[in-house]
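Peer 1: no FASTA, just this:
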């Protein structure tokens, strides 16, 4: 009953989200096309790990230069720094003009309402990690294996525990533990509390980079 109700809420919530944000999404897409022409307004990134470890295409507005990941991997020193710094760079030289603002206020995440409608994601859930990111972090923190597997028992979310508790300021070990705990304890009441907390975190851009 929980999974059925959660899916029903995801469908209704994603449709409402699309209707509310369709004009802002169109304006963001237009801005990206003007500020950084020559590539899709949707980020062309590697697959993300979803429910039961199945990879899927996460829809996200492009806030970086075209082929940002390939460019980063072609810069060995910078790429090593990226991996050592919990898979983030601050400042990030790949960002397009206005990209930091788009990411700070999670505007790049809006297309994920379509992922939710499609069933790849949920309104609330763990972070959707890159496969290579989980593999690299598992080598570095082998003690997280059980938490990684537990996390994958829930669909990734547009928002979640770690997103409303510090986002990028939280290290991998703590973040994966939060996601695993959510997967174990998830309930409709827990989801509602996270959803209610999300707007304040987005408005203040807490933990974003």
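Peer 2: Nice, I can see it. Remember, predicted model here, so these are calculated numbers, not experimental data.
Peer 1: for residue 130, phi and psi?
Peer 2: For residue 130, the backbone dihedrals are phi -70, psi 150 (criterion: degrees, to the nearest 10).
Peer 1: Find the residue closest to it in space, skipping its chain neighbours.
Peer 2: Distances taken as C-beta to C-beta, 6 or more residues apart in numbering place residue 46 nearest to residue 130, at 5.6 Å, with adjacent residues excluded. C-beta here means a position set from N, CA and C on the backbone, and glycine is covered the same way.
Peer 1: Contact partners for that neighbour?
Peer 2: By C-beta atoms under 8 Å, 6 or more residues apart in numbering, residue 46 lies in contact with 69, 130-132.
Peer 1: PyMOL command for the buried members of those residues?
Peer 2: Buried members of the contacts of residue 46, defined by 16 or more other C-beta atoms under 10 Å, are picked up in PyMOL with:
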select buried, resi 69+130
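Peer 1: Need the contacts of residue 46 in a markdown table (columns: pLDDT, secondary structure and distance to residue 94).
Peer 2: A markdown table is the format used below for the contacts of residue 46 (pLDDT from 0 to 100; DSSP: H, G, I helix; E, B strand; the rest coil; distance: C-beta to C-beta, whole Å):
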| residue | pLDDT | secondary structure | distance to residue 94 |
| --- | --- | --- | --- |
| 69 | 82 | helix | 8 |
| 130 | 91 | strand | 15 |
| 131 | 91 | helix | 20 |
| 132 | 88 | helix | 17 |
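Peer 1: Turn the contacts of residue 46 into CSV, including distance to residue 120.
Peer 2: What follows is the contacts of residue 46, written out as CSV (distance: C-beta to C-beta, whole Å):
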residue, distance to residue 120
69, 20
130, 15
131, 15
132, 19
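Peer 1: Out of the contacts of residue 46, which two sit at the greatest distance?
Peer 2: 69 and 131 (12.7 Å; C-beta to C-beta).
Peer 1: ok, then the element right after the longest helix anywhere in the chain?
Peer 2: Ranked by residue count and defined by DSSP state H, the top helix of the chain is helix 2-35. Using DSSP states H and E, the helix or strand that directly follows helix 2-35 along the chain is strand 48-49.
Peer 1: what's that following strand in contact with?
Peer 2: Outside strand 48-49, the residues that reach it (C-beta under 8 Å, 6+ apart) are 55-58, 128-131, 134, 152, 156.
Peer 1: ok, back up a step: which neighbouring elements make contact with the longest helix of the chain?
Peer 2: For helix 2-35, the packing partners by 3 or more C-beta pairs under 8 Å, 6 or more residues apart in numbering; DSSP states H and E come out as helix 112-118, strand 122-124, helix 188-204.
Peer 1: now for those, which one comes closest to residue 51?
Peer 2: strand 122-124 (9.0 Å).
Peer 1: returning to that earlier point: check the gap between the residue nearest to residue 130 and residue 173 for me.
Peer 2: 23 Å (C-beta to C-beta, to the nearest Å).
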